[in-house]
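**Student:** Quick one, structure for this:
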Amino acid sequence: MSAYSVLVWVHVVLFVYWLGADIGVFIGAIWVKNAKRSFGERAALLQLATAIDVTPRLAFILMMPLGLTMARHWGLPLGDAGLAAVWAVAALWLACAITIMRSHGKPLARSLERVLNIFMPVAGVAFIAAGIYLLNDGTVVPAWLAWKIILFGGIFFLAIGIGLGFGPLGPAFGRLAAEGSTPEIESAIRRPIDITLCVVSALYLVLLAISFLGVVKPDL
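**Tutor:** All right, here's what the predicted structure looks like:
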């Protein structure tokens, strides 16, 4: 049993928890839209979906250093110092994410959210640019791996889109609690959920494409 085989196994486990848990969040969000359910039911479903969402968030973070570690097996020119830096960044990202979840709404959480608002697009651009460079070079890594890096970079922007799309739901749900159900409030609840579900659907397609490239390794 090689170290690379163990990394592949961990990679598969993270993918399962990422996609599987995300589907649970997807279904929960659809049920939250149902105006026929009581406020208590919808609030509980929203709370459950938020709790389940922790798993895909953490899986996304861990996929970054794990994937780059595995990519070295296929020729990615990332030295030991560079890989250590990647794991350090991932550890800081993970610490920020956990702190935000545990301290939601507090000044520290808001400050860390501003940091991540800068980090996410920068990281996304870096992955996409690196993948395009590797794809155009054509001699460093296989094309399927370059495309995986490009698509992974796209996930950063999809994650940003999910956050932006879901943001207005909190105030709308607060109005539902205070004023009760009205057509206007229900529309304000459906709109962010529908937008978010569209972005999440795009995320599923990207994840499926990435997994296909990693397993099949087509000769592109």
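
**Student:** any idea how far Phe39 is from Pro65?
**Tutor:** Per C-beta to C-beta, to the nearest Å, Phe39 is found 42 Å from Pro65. All C-beta spots, glycine's among them, are computed from the backbone N, C-alpha and C.

**Student:** neighbour-wise, which of the two wins?
**Tutor:** Pro65 (20 against 12; other C-beta atoms under 10 Å).

**Student:** how far away is that one from Leu108?
**Tutor:** From Pro65 over to Leu108 (counting by C-beta to C-beta), the distance is 24 Å.

**Student:** next one: Ile23
**Tutor:** 32 Å.

**Student:** tell me which residues in the helix or strand containing Ala178 are buried?
**Tutor:** Following DSSP states H and E, one finds Ala178 within helix 169-179. Buried positions in helix 169-179, judged by neighbour count with 16 or more other C-beta atoms under 10 Å: Leu169, Ala172, Phe173, Arg175, Leu176.

**Student:** With adjacent residues omitted, what lies nearest to the residue in the chain sticking out farthest from the centre?
**Tutor:** Of all residues in the chain, Glu179 has its C-alpha farthest from the mean position, at 33.3 Å, by C-alpha atoms, centre = their mean. Of all residues not flanking Glu179 in the chain, Ile185 sits nearest, at 6.4 Å (C-beta to C-beta, 6 or more residues apart in numbering).

**Student:** Also Phe119?
**Tutor:** Nearest one to Phe119, counting by C-beta to C-beta, 6+ apart, is Trp93 at 7.0 Å.
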